[in-house]
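K.L.:
Pasting a predicted model and its sequence here:
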Amino acid sequence: MIRRLGTSLLAVFGLVSAVSIVCYAQSRPLLTHHVREVTLHGQARSVGRLPAGQPMRLVLVLPLRDQATLDRFLKELYNPASPSYRQYLTVEQFTAMFGPTQQDYDAVRHWAETNGFTVVGTSRNRMNVDVTGSVAAIETAFHVNMGVYLHPTENRTFYAADREPTVDLPFPLWHIAGLDNYSIPRPALVRRPPGAQPAATTGSCPSTSFCGSDMRAAYYEGTALTGSGQSLGLLEYAGTDLADLATYYTNAGQTNNVPITLLSTDGTSTSCIASAGCDDTEQTIDMTQALGMAPGLSSLVMYVGSTDAAMFNAMATASPLNAQLSSSWTWFPADPSTDDPYFQEFAAQGQNLFQAAGDSGAWTSSSETYPSDDAYLTSVGGTDLETTGPAGPWSSETVWVDGGGGISPDKFTIPFWQTTTASGCSNCSNIFRNGPDVSANANFTFYVCADQTTCTANLYGGTSFAAPMWAGYLALVNQKAVADGKPTLGFINPALYEIGLSPSYDTDFHDITSGSNGYPATTGYDLATGWGSPNGSGLIRGLINTIDVPGFGLTASPTAVSLLQGGSGTSVITSTVINGFGSGISLSATGQPTGVTVTFSPTSITGAGTSTMTITAGSSTATGTYSIRVTGTSSTFTEIVTLSLTVTKLPPNYTISASPTSISVARGSSGTSTITTAVSGGFDSAISLSATGFPVGVTVAFSPATIPAPGSGQSTMKVTVGKGVPLGNHTITINATGGGLPRTVQVTTK
């Protein structure tokens, strides 16, 4: 019995293993791409292969579940008229709703181990599996060759896979981080050009350069808020030497009391020693600007790593979470969608990432801007700031000529919160994401200590100064929100654009209207500085007010309408309200093509309610797909919902009719009816006519018997009744055939 049981168990185990092998037998491509165009098309010349025994560390990233529901959730989360407005998720809730399943996560870990990898890190949102393994294991597991190539634009080599990786799993992976080093992340930081004069004249740090505290005095102009109770996270591709931060504070005559945590997200060293070739200029700048704006933070965490996947995921799963995050590094991704799962998790959990917009002026297709043009973060541009004196208030501001901004080079679709603004901005795109969203000082005006060497004044500039400033400013806002018993702001872009379009814009922002980065500064939003810089406590109040201000939102059902030329369809527009909003909302539509009419019944909604939108396409309307923007306007708010309208060509068709349809014919005589055909949809064929159903003694003739192409015309049907035909009503069926389409019409004889 024992032997038989053991044999049976072995048989079962063998069956299960066989099933597993079958399930894993299909090699699946990943959901993002990894191979660079220069590798595929030969611009990067191959110079060899990575040694088979060389160890590497990778991050295997699993995809989120139910992306469509997550997209709807995020829109509702930041819609003031939604019941779920700012009801943020915990990491555990996000994982349960949208994260990979435990079964899939365990399957990836098991697959990695059986393919020669060592699992060295896991994550509580079940998105990342960190592994180490040899190049040989990587090549076998992912069905690639790891080559070494000459970089086409830089004086170095890089390693990369020669084809898109595939995995033998029953489901696809999202991404593999660490599979190439084609793009080396760089800080959004530049040195003052040789011969250029120092820019700062009113700073309180050495050589009249600006301290971080000067930015607080210029953009906050208050003392009550310090960021108390808030934590802030910085993304850094290298560690730091905190002695440089200490030197900065000593030379500035100030003291830092914020606890700082240096956190390695993937084994990358958190130290940075200049004599060993490490540069911590950017890292120290990020700390001084964030701490200068929010000197009372409960903590500042520096997330140090070698891949974006490791650092962003650590930010998304930290305990406690940092509500304000900042990144001052840019790079060229192989696939711009790579980090969206992390950015969407930030938004769902009430976190906001500020990203430096770059330091090469207006964005172009070759700009190294990523991820500053992503739709799920706040892009920060650059300005040239003047203050009234050391630690003095804001005086004036113009565009910093090198500040990044423009239309998304990575072709990110315009987000819902930016559509209304873009329609009123002459240089903006109505299709792709525009940036930056906001801005702050980035000119060569700062005091910087780094690399355990002499500190510098007015030498460095860049939007990498501006991004952590904004993260510190948001800490002040969130401190105020908590003190008022309200939720923190979370992802602030929808609120920023709501304020930008409101009457309080000029009291909440410094609107920068002079200068250019390639795009001119204009009144209101522009592609040089976004909405501008914070206007003291005004923006703090404005952002807080967006939490519980009365408002409304619009939805459409359905959101896609398909019509034939000459047809019509409907969509129900629904307004939902919050905080007692009860004003009238007038409805209008734009974007419809020539020949399409849109009407609303009723034409306005008071408070919460519905209106039926009827869309009618003329018979000559050009076919295609169009975006129709429905705008709801009240005295103080404007909301837009977009529908997709598809107009398709009428199929070739024709109709047949008879006049009259009843004729009286005496025995021995005849009568007539006119048969008419009408074509549509490009029908082009002759139509032949015949008749059936008449009794013996009756003859039916058509003149003509065939209506020539294209098929529109008339024929006279003559009905002759013989003297012996029985009395009574007789139904004659006229049969038409043309273009393979049969049609009939009936005529009654009496």
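P.N.:
It's in. Predicted, not measured: the structure shown is a model, and the values here were computed from it.

K.L.:
going forward, measure contacts and count neighbours with C-alpha atoms only.
P.N.:
Will do.

K.L.:
Would you map the strands across the stretch 451-600 of the chain?
P.N.:
In the stretch 451-600 of the chain, the strands defined using DSSP state E, counting those that start in this stretch lie at 456-457, 460-461, 509-510, 533-534, 551-557, 560-564, 568-578, 584-590, 596-601.

K.L.:
hang on, S46 packs against G147?
P.N.:
Yes: using CA atoms under 8 Å, S46 is in contact with G147, at 6.9 Å.

K.L.:
Quick check: nearest residue in space to F117, chain neighbours excluded?
P.N.:
G133 (4.7 Å; CA to CA, 6 or more residues apart in numbering).

K.L.:
Secondary structure class of T421, three-state.
P.N.:
Assigned by DSSP: H, G, I helix; E, B strand; the rest coil, the conformation of T421 is helix.

K.L.:
What does the pLDDT read for it?
P.N.:
If you check T421, the pLDDT there is 94.

K.L.:
Going forward, count from 46.
P.N.:
OK, 46 is where the count begins now, so the last one is T466.

K.L.:
show me the contacts for T600.
P.N.:
Listed by CA atoms under 8 Å, 6 or more residues apart in numbering, the contact set of T600 reads I618, T619, S620, V686.

K.L.:
Across the sheet, point out what pairs with it.
P.N.:
For T600, the beta-bridge partners under DSSP bridges are T619.

K.L.:
Distance of it relative to R117?
P.N.:
T600 sits 11 Å away from R117, taking CA to CA, to the nearest Å as the criterion.

K.L.:
And for P416?
P.N.:
Counting by CA to CA, the gap from P416 to R117 is 23 Å.

K.L.:
So for the two, which residue has more residues nearby?
P.N.:
Using other CA atoms under 10 Å as the criterion, P416 and R117 rank with P416 on top: 29 against 10.

K.L.:
any idea how far that one lies from S453?
P.N.:
From P416 to S453 the distance is 10 Å (CA to CA).

K.L.:
And the strands of the stretch 496-645 of the chain, which one averages the lowest pLDDT?
P.N.:
Lowest mean pLDDT within the strands of the stretch 496-645 of the chain: strand 596-602, at a mean of 85.

K.L.:
how about that strand as PDB, C-alpha atoms only?
P.N.:
The C-alpha coordinates for strand 596-602 follow below in PDB (Å, rounded to 0.1, in the frame of the first residue of the first chain):
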ATOM      1  CA  GLY A 596     -18.700  72.100  -8.000                       C
ATOM      2  CA  PHE A 597     -20.000  69.800 -10.700                       C
ATOM      3  CA  GLY A 598     -18.700  67.200 -13.100                       C
ATOM      4  CA  LEU A 599     -20.000  65.900 -16.400                       C
ATOM      5  CA  THR A 600     -20.200  62.400 -17.800                       C
ATOM      6  CA  ALA A 601     -21.500  61.000 -21.000                       C
ATOM      7  CA  SER A 602     -23.200  57.600 -21.700                       C
END
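
K.L.:
Give the burial count for the closest residue to M191 other than its chain neighbours, as a bare number.
P.N.:
Among residues not flanking M191 along the chain, A206 sits closest, at 4.6 Å (CA to CA, 6+ apart). For A206, the neighbour count with other CA under 10 Å is 23.

K.L.:
OK, contacts around the closest residue to V770 other than its chain neighbours?
P.N.:
Closest residue to V770 apart from its sequence neighbours, by CA to CA, 6+ apart: G742 at 5.6 Å. Contacts for G742 (CA under 8 Å, 6+ apart) come out as V766, G767, K768, G769, V770.

K.L.:
Verify the contact between the residue nearest to M191 and G192 for me.
P.N.:
Yes: at 6.1 Å, A206 counts as touching G192 under the criterion of CA under 8 Å.

K.L.:
need the contacts of T600 in CSV with distance to S351 and neighbour count, can you?
P.N.:
As requested, the contacts of T600 are arranged in CSV below (distance: CA to CA, whole Å; neighbours: other CA atoms under 10 Å):
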residue, distance to S351, neighbour count
I618, 48, 23
T619, 47, 16
S620, 47, 21
V686, 41, 19
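
K.L.:
from these, which is closest to T167?
P.N.:
Nearest to T167 among those: V686, at 40.3 Å, using CA to CA.

K.L.:
quick one, what contacts T591?
P.N.:
Contact analysis of T591 by CA under 8 Å, 6+ apart lists P125, A540.

K.L.:
Distance-wise, check it relative to T552.
P.N.:
Per CA to CA, T591 is found 15 Å from T552.

K.L.:
With R712 instead?
P.N.:
Separation of R712 from T552 (CA to CA): 95 Å.

K.L.:
give me the element the residue most central in space within the chain is part of.
P.N.:
Closest residue to the average C-alpha location of the chain: A420 at 4.2 Å, with CA atoms, centre = their mean. In the assignment (DSSP states H and E), A420 maps to no helix and no strand.

K.L.:
hang on, isn't it packed against F461?
P.N.:
No: with contact defined as CA under 8 Å, A420 does not count as touching F461 (9.6 Å).

K.L.:
Would you convert the contacts of G742 into JSON lines that also reports pLDDT, neighbour count and distance to T666?
P.N.:
Shown next, in JSON lines, are the contacts of G742 (pLDDT from 0 to 100; neighbours: other CA atoms under 10 Å; distance: CA to CA, whole Å):
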{"residue": "V766", "pLDDT": "91", "neighbour count": "23", "distance to T666": "48"}
{"residue": "G767", "pLDDT": "89", "neighbour count": "17", "distance to T666": "52"}
{"residue": "K768", "pLDDT": "86", "neighbour count": "13", "distance to T666": "55"}
{"residue": "G769", "pLDDT": "84", "neighbour count": "11", "distance to T666": "56"}
{"residue": "V770", "pLDDT": "87", "neighbour count": "14", "distance to T666": "53"}
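
K.L.:
Just flag the most distant two among those.
P.N.:
Farthest-apart pair in those is V766 and G769; separation 8.3 Å (CA to CA).

K.L.:
Where does pLDDT dip in the stretch 46-195 of the chain?
P.N.:
For the stretch 46-195 of the chain, applying pLDDT under 70 flags the ranges 46-70, 126.

K.L.:
quick one, what contacts T375?
P.N.:
By CA under 8 Å, 6+ apart, the residues touching T375 are P230, R231, P232, A233, A401, G403, E413, T414, Y415, P416, S417.

K.L.:
now those as TSV including secondary structure and distance to H155?
P.N.:
Output for the contacts of T375, formatted as TSV (DSSP: H, G, I helix; E, B strand; the rest coil; distance: CA to CA, whole Å):
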residue	secondary structure	distance to H155
P230	coil	32
R231	strand	35
P232	strand	37
A233	coil	40
A401	strand	39
G403	coil	41
E413	coil	37
T414	coil	37
Y415	coil	33
P416	coil	32
S417	coil	36
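
K.L.:
of those residues, closest to S252?
P.N.:
Nearest to S252 among the contacts of T375, counting by CA to CA, is A233 at 23.5 Å.

K.L.:
What about that closest one, how many residues nearby?
P.N.:
27.

K.L.:
what's the overlap in contacts for V766 and G769?
P.N.:
With contacts defined as CA under 8 Å, 6+ apart, the residues shared by V766 and G769 are R712, G742.

K.L.:
And the nearest residue in space to T659 that is not next to it in sequence, how far from A512?
P.N.:
Take T659 and drop its neighbours on the chain: the residue closest to it by CA to CA, 6+ apart is T615, 4.5 Å away. Separation of T615 from A512 (CA to CA): 45 Å.

K.L.:
Then A283?
P.N.:
From A283 to A512 the distance is 18 Å (CA to CA).

K.L.:
repeat for L308
P.N.:
20 Å.

K.L.:
ditto for N486
P.N.:
With CA to CA as the criterion, N486 and A512 are 10 Å apart.

K.L.:
want to try JSON lines for the contacts of T375, with distance to P215 as columns?
P.N.:
What follows is the contacts of T375, written out as JSON lines (distance: CA to CA, whole Å):
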{"residue": "P230", "distance to P215": "33"}
{"residue": "R231", "distance to P215": "37"}
{"residue": "P232", "distance to P215": "39"}
{"residue": "A233", "distance to P215": "41"}
{"residue": "A401", "distance to P215": "39"}
{"residue": "G403", "distance to P215": "41"}
{"residue": "E413", "distance to P215": "36"}
{"residue": "T414", "distance to P215": "35"}
{"residue": "Y415", "distance to P215": "32"}
{"residue": "P416", "distance to P215": "31"}
{"residue": "S417", "distance to P215": "34"}
